[in-house]
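I would like the atomic coordinates for the input below:
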Amino acid sequence: MRILLTNDDGINAPGLEVLEAIAAGLSDDIWICAPAEEQSGAGHSLTLTRPVRLRKHGERRFSVSGTPTDSVAMALKQVLPGPPDLVLSGVNRGANLGDDVTYSGTVSAAIEGALAGARAIALSQVYAREGMGDDVPFGAAREWGAKVIGPLLDAPLPKRTVINVNFPALPPEKVKGIRVVRQGFHDYSRATVVEGRDPRGYRYYWFGLEAIEHTLDHGTDLEAIDEGYVAVTPLQLDLTHHASLGALAERFGG
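As a prediction, the model looks like this:
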C-alpha cells in the first residue's frame, strides 16, 4: 500500500513525525510531501501567481514552497512513481472541528487526495491553547491513530469522501473511545481581531484564536471531543444544497 503523508504545519512539524510513526505500522511504501513552512488556514488554495519550488530532503521526503494543496498536487504529478492508495494529512497542531474544516489546510490536503481518487484521511490533535506554545502533547493521536485508521482502510465510502479525525486534548489512557459523528458548528460572532502597532507606528491585525463558542448539538464532532472521544466525521465534497434546487429552478422558470 502506497501512502502519501502531508500536512499544513510544515515539513518539520512534530505532528508529521507522529503521522510517520503511525503510517510505518501500515506500510513500508511511505512518501512525504509537505509545505516548507506552516500554512495553517490556507484552505484549499493553489499557488497561481508565483512559481512553486520542490525540494528533496531524502529518498521519499520532499517539501514544497506553497500550500498544502500544492504539496499534494506536486506529489501526485512530480514525486510519486504512481498514484497513492492512501493520503494521510496531519497530525495537525490543533482542532479541525465543525465549520473550521472550510479554513483547514489539513482537511484541504486530504480533499486534494480524494479528488485524485485516493482514500483520504485528515487527522488533528486538539489541545488546550493556554500556555502551550510548541509544547502540544500528541499522545492521544500517537496512541489512537492506528486504531482509527485501521478500520477505515477498507470501509465502504463513496468517491470524493474525506474522513476528518480529531483527537481530544487528553492523555491517551483517558480517551473514552471513538465516535462517528456529524460536523458541528461554531458561533463565529464572538471571534475577534486583535489590533497592534509596528515600530513605525502602522497598525497591524491578528485574527484572534481564543476560544470560540461551540454549539454542542447531539451527535456532532464538537460534542464528541468535549466528552473525551475521538471524533470521526465523513465529509462529502459535493456542497450542493439539493433541497433548494427545485425552489430555485422555479424562480427561473425551470
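
I'd guessed Ser104 sits against Ala122; true?
Yes. With the criterion set as C-beta atoms under 8 Å, Ser104 and Ala122 qualify as a contacting pair; they are 7.3 Å apart. The way it works is simple: take the backbone N, C-alpha and C, and place the C-beta from them, glycine included.

Please identify which helix or strand holds Val18.
Under the criterion DSSP states H and E, the helix or strand holding Val18 is helix 14-24.

That helix: which residues count as buried?
Buried residues in helix 14-24, counting neighbours by 16 or more other C-beta atoms under 10 Å, are found at Pro14, Gly15, Leu16, Val18, Leu19, Glu20, Ile22, Ala23.

How far off centre is that helix?
Centroid separation for helix 14-24 versus its chain: 14 Å, with C-alpha atoms, centre = their mean, to the nearest Å.

again, but for stretch 20-40
For stretch 20-40, the separation from the chain centroid amounts to 13 Å (computed by C-alpha atoms, centre = their mean).

Now do the end-to-end distance for it.
Distance between the two ends of stretch 20-40: 19 Å, counting by C-alpha to C-alpha, to the nearest Å.

So in this protein, which helix runs the longest?
Looking only at the chain and at elements set by DSSP state H, the helix with the highest residue count is helix 139-152.

Would you state the strands of the chain in chain order?
Residue ranges of the strands in the chain, as given by DSSP state E, are 2-6, 29-35, 54-58, 61-64, 86-93, 119-125, 161-167, 178-180, 185-187, 193-197, 203-207, 213-215, 230-236.

for the ones you listed, which one sits closest to Arg251?
strand 230-236 (25.6 Å; C-beta to C-beta).

elements contacting the closest one?
Packing contacts for strand 230-236, counted by 3 or more C-beta pairs under 8 Å, 6 or more residues apart in numbering; DSSP states H and E, involve helix 139-152, strand 161-167, strand 178-180, helix 221-226.

Among those, show me which one is buried the most.
Across the helices and strands packed on strand 230-236, the average number of neighbours (mean count of other C-beta atoms under 10 Å) peaks for strand 161-167, which reaches a mean of 26.

Name the spans of the stretch 101-250 of the chain whose pLDDT lies under the cut-off.
Low-confidence segments of the stretch 101-250 of the chain (pLDDT under 70): 129-134, 187-191, 208-216.
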